[in-house]
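Peer 1: Prediction below, plus the sequence it came from.
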Amino acid sequence: SQQGEEDPQALSIQEGENATMNCSYKTSINNLQWYRQNSGRGLVHLILIRSNEREKHSGRLRVTLDTSKKSSSLLITASRAADTASYFCATDRLSEKLVFGKGMKLTVNP
Amino acid sequence: GAVVSQHPSWVICKSGTSVKIECRSLDFQATTMFWYRQFPKQSLMLMATSNEGSKATYEQGVEKDKFLINHASLTLSTLTVTSAHPEDSSFYICSAPPEAGYGYTFGSGTRLTVV
């Protein structure tokens, strides 16, 4: 299966709740990145976590990385309707192509 | 930050015609540009990597003669879908490599519909 599998594939929550998305990968990585894509638009880079980092924060985003389990999670706190989008994790091996997961569609209901 | 401008944002063409998609790096020089294809509700799949001054590198299964990639300058990379067919209808996105500490920069994408 494709490296970078997000879990769950779709998530629907109420505004104000937290949203957690998980991603697993198979090979060693240089870094792992999370991207957001609004319907029919390009990707927006959210956050990058390097292989030697375990946790990173950016505003309402919190990313964790467990290289022993080859997994990462993205937590969006206090979600807003504007957070509705698809979210992708992508792994970057040094000097190699960026490999995307299948994506997870988040719907935040007002 | 780095900006990649992609045009057109959408295009409808007839079967058998060719379509050119452009990606320009606006405030930086990109010696490399990645081209992805995304089918509805699916993830991005890398098609090829364009390199300024040399031939593009294509991923396995991507037809080189159908998807012509040219990296004309340090700020312009183009993807031409030749003799387009309905199955080529997809969302095409370009991306420039990351600058230190940040992720890749993506164009806004091109929705191609072949009728």
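Peer 2: Perfect, I can see it now. Numbers count the residues shown, from 1 in each chain, chains lettered A, B, ... in the order given.
Peer 1: Output the below-cut-off pLDDT ranges for chain A.
Peer 2: A:1-8, A:94-96 (pLDDT under 70).
Peer 1: 50 instead?
Peer 2: A:1-2 (pLDDT under 50).
Peer 1: mind checking which helix or strand the residue in it positioned nearest to chain B is in?
Peer 2: In chain A, the residue that lies nearest chain B is A:His45 (3.5 Å; C-beta to the nearest C-beta). Backbone N, C-alpha and C define where each C-beta goes, glycine included. Per DSSP states H and E: A:His45 is located in strand A:43-50.
Peer 1: how about that strand: buried residues?
Peer 2: Residues A:43, A:45-49 are the ones in strand A:43-50 that count as buried (16 or more other C-beta atoms under 10 Å in any protein chain shown).
Peer 1: Please state the offset of stretch A:88-108 from the chain centre?
Peer 2: From the chain centre to the centre of stretch A:88-108 is a distance of 7 Å (C-alpha atoms, centre = their mean, to the nearest Å).
Peer 1: Is that stretch in proximity to chain B?
Peer 2: Yes: Stretch A:88-108 is in contact with chain B by C-beta under 8 Å from any C-beta of the partner chain, via A:88, A:90, A:92, A:97-103.
Peer 1: how about these in TSV, adding distance to A:Leu75?
Peer 2: Shown next, in TSV, are the residues of stretch A:88-108 next to chain B (distance: C-beta to C-beta, whole Å):
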residue	distance to A:Leu75
A:Phe88	16
A:Ala90	18
A:Asp92	21
A:Lys97	27
A:Leu98	22
A:Val99	22
A:Phe100	20
A:Gly101	16
A:Lys102	19
A:Gly103	17
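Peer 1: among those residues, which ones are buried?
Peer 2: So, by 16+ other C-beta under 10 Å, the buried ones in the residues of stretch A:88-108 next to chain B are A:88, A:90, A:92, A:98-103.
Peer 1: The residues you listed in strands, which ones?
Peer 2: Of these, the ones assigned to strands by DSSP state E are A:88, A:90, A:92, A:98-100.
Peer 1: Please identify which pair of these lies farthest apart.
Peer 2: Farthest apart among those by C-beta to C-beta are A:Phe88 and A:Asp92. That separation is 12.7 Å.
Peer 1: who does B:Tyr92 bridge with?
Peer 2: For B:Tyr92, the beta-bridge partners are B:Arg37, B:Thr110 (DSSP bridges).
Peer 1: Count the residues that sit near A:Ala81.
Peer 2: A count of nearby residues for A:Ala81, using other C-beta atoms under 10 Å in any protein chain shown, gives 11.
Peer 1: same question, A:Thr20
Peer 2: 15.
Peer 1: Name every strand pairing with the helix or strand it falls within and say which way it goes.
Peer 2: Secondary structure assignment for A:Thr20, by DSSP H and E: strand A:19-24. Sheet partners assigned to strand A:19-24 using DSSP bridges are listed as strand A:5-7 (antiparallel), strand A:71-76 (antiparallel).
Peer 1: Can you pull out the residues in contact with the longest one?
Peer 2: Strand A:71-76 is touched from outside by A:18-25, A:32, A:34, A:46-47, A:49, A:60-66, A:83, A:87, A:89, A:106, with contacts defined as C-beta atoms under 8 Å, 6 or more residues apart in numbering or on different chains.
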